[in-house]
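In: below: sequence and its predicted model.
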Amino acid sequence: MSDFYKLNDDHTVTQCSLDEWAETEEHKDRRVAYTELGTRRVSTVFLGFDHQFGDGPPLLFETMVFPSNSYADEYCEQYSTWDEAVAGHEATVKKFKDS
């Protein structure tokens, strides 16, 4: 099986080949959420391929925190589903807003 996935319109994911992923995901908006917090940016996106390097469900979504003037990340968390990614984004925003 392939480690590539496409994001469906209902926010579920379907495993697919590299060619299918490239064809369907190339022009799709993969952003789940984006929040600016003063000197930081919180971005959550659909990755399109599995970042699970071991046992467990595929990790297909990722939240990263960046300083406003850089692309070097301060924080990263990964998730398996859209709903987990939305909840993770909200938790990350709260965590960095309160810090």
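Out: Thanks, I have the structure now. Numbering: from 1, shown residues only.
In: and the helices in the chain, which stretches?
Out: 18-25, 82-97 (DSSP state H).
In: ok, and for the shortest one, which residues are buried?
Out: When burial is assessed from 16 or more other CB atoms under 10 Å, helix 18-25 yields the following buried residues: 21, 25. Every C-beta, even on glycine, is put in place using the N, C-alpha and C of the backbone.
In: pLDDT-wise, which helix or strand of this structure ranks last?
Out: Every helix and strand of the chain was ranked by mean pLDDT, DSSP states H and E. The lowest is helix 18-25, at a mean of 83.
In: is it true that residue 61 touches residue 83?
Out: No. In this structure, residue 61 is not within contact of residue 83 by CB atoms under 8 Å, at 9.6 Å.
In: who's more crowded, those two?
Out: More neighbours surround residue 61 than the other of residue 61 and residue 83, with 28 against 12 (other CB atoms under 10 Å).
In: contact partners for the more buried one?
Out: Contact analysis of residue 61 by CB atoms under 8 Å, 6 or more residues apart in numbering lists 32, 44-47, 78-82, 84-85, 88.
In: all strands of the chain, in order?
Out: Applying DSSP state E to the chain gives strands spanning 4-7, 13-16, 31-37, 40-46, 61-67, 75-79.
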